[in-house]
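Asker: take a look and give me a structure for this.
(chains A and B)
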Amino acid sequence: MENSKPYNSALIDNTFSKDERLSHKRLIGELFKNGSSSFLHPFLIKYEPELSAQSGLHKILISVPKRNFKKAVDRNLVKRRIKEIYRTNKSLVYPADQAYHIAIIYTGKEIHDFKVMKNKLIKVLKRLPIREQD
RNA sequence: CAGGCAAGCUGUCUUAUCGCACCAGUUUAGGUUGGUGAGGAAAGUCCGGGCAACACAGGGCACCACGCUUCCUAACGGGAAGGGUUCUGAUAGCUAAUAUUGGAAUACAGAAAGUGCAACAGAAAAUAUACCGCCUUAACAAUAUAUCGUUUCGGUAAGGGUGAAAAGGUAGUGGUAAGAGCCUACCGGCCUUGGUGUGAAUCAAGGCGCAUGGUAAACCUCGUGGGUUGAAAGAUCAAAUAGGUCACGUUAUCUUGAUGAAUAAUCAAGAUCAAUUUGCCCGAUUGUUUUCUUGUGAAAAACGUGAUGGGUAGAUCGUUAGACUCUGAUGGCAAACUUCAGGGCUAGAUAAAUGAUAAGAAUGCUGACAUUUGUCAGUUUACAGAACCCGGCUUAUAGGCUUGCAUUUUUU
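Answerer: Numbers count the residues shown, from 1 in each chain, chains lettered A, B, ... in the order given. All right, here's what the predicted structure looks like:
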């Protein structure tokens, strides 16, 4: 259990630190090119297994298109809500054998309530074949 | 008193749970403790500046921007104070011209350098014009002895009518056939001189009857300013101002003069040519050295330019405290100014932190109960998110506060 300490702390603490974010431009390109996808309005999920996994942490990317929300304030609000939902519901994707790159894209054109967004996003995340089956 | 419009100021708070970024401390290097964390516009990217790289002897043309004056400023297309013009209210005046005073607007250099443009209406629209009307010459007819009607040679811009605009305005038993700046007075305009003011201008006197309409946010002319790009700038580090490899460029010709035996060679001057620089032109600057070859030329060195470079779209710096802000004094009519004194202020991310959820308070609004006012329920809290940094401008903005403006109703 000594080796899996970062893995456990990430799960227990409901954190969402820099290590859990996907910020590498090339990897993002590959994810959008090769990744599998899953859609439930208003969310589009793209995911693919990380090949050179080291930490065991999933890397998440949250995207809200500028096309749908012109104002930076609105985009920030949606992003922050999605981030919050993921953070508080990490048990849907952990524990996992394989670390994944995951992109959560908000394709809706309206801002939904927090509760509505929460229910929908949980449904989508449950469908993903990431979590280890007990 | 109420609602409306405009301008300025302000731009909700507390707690709990779970989190994010940076900084500092501590650490057994897993963590942990503490601190800090969006705006008046952070927006639009419209001006100006700092900063950086590249380019650059200098001049002209083109292009772009600006355009009353003085002051402020790092600078500005920004601000302050002032002047002119136009519109408008009040008062005076003859219901006039105009004067005084308050308010609003102002892209406010030049229309006497040139070119262009003006629908419709109207007789005529920039070398003015004669439709009606007015006056006059002649002819004819009528009544009747100076009038009227028709035609006609002319005169006339006072009156009518058209227009956004009709070639200064008003008055005159001045003048005339009728009229007309034709003449006179007052007002307006232009020119000259003088006074006042830093200046835009203004005041006074004298002269000119005043033959020169509008439009420059039409071309244009004049004046002033502008090198280009933009933090994805750029610098440093990783063997790193290095070394290697590759490509390209480095050009001359003629004339004259001096030294010289010489048509060799060297030096100087000029012309042509090429290269460099630029949106274009003038101009300016540069055209290296050695060896080989009969020669075209070839080779080498040196210099310059570009490419290549094992690596993650590397890391760090640039990068967050200054043309900052508040208070007081000082100079100033005033300014978002000057000078002085004291205090205050540390966001710094980079697929991009500054949050999410819940509860409560506060503010306003609505409804009910109750009517000095309170209670309950519901609802509202805008515009909007830093991306190198400043000074402005523009646009957006719930509610609250202040000021100004006009309007309506009620009461007295």
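Asker: where does the prediction get shaky in chain A?
Answerer: Across chain A, the ranges flagged by pLDDT under 70 are A:1-31, A:33-35, A:50-57, A:94-99, A:130-134.
Asker: output the longest helix belonging to it.
Answerer: Counting by DSSP state H, the longest helix found in chain A is helix A:72-88.
Asker: next, please give the residue ranges for the helices of chain A.
Answerer: Under DSSP H, chain A gives helices at A:5-12, A:25-34, A:72-88, A:114-127.
Asker: other residues contacting the last one?
Answerer: Yep, that's helix A:114-127 we're talking about. The contact list for helix A:114-127 (CB atoms under 8 Å, 6 or more residues apart in numbering) reads A:38-43, A:45, A:81-82, A:84-86, A:89, A:92-93, A:104, A:112. Where C-beta positions appear, they are placed from N, C-alpha and C, glycine not excepted.
Asker: at 6 Å instead, please
Answerer: A:Ser38, A:Leu40, A:Phe43, A:Ile45, A:Arg81, A:Ile85, A:Asn89, A:Leu92 (CB atoms under 6 Å, 6 or more residues apart in numbering).
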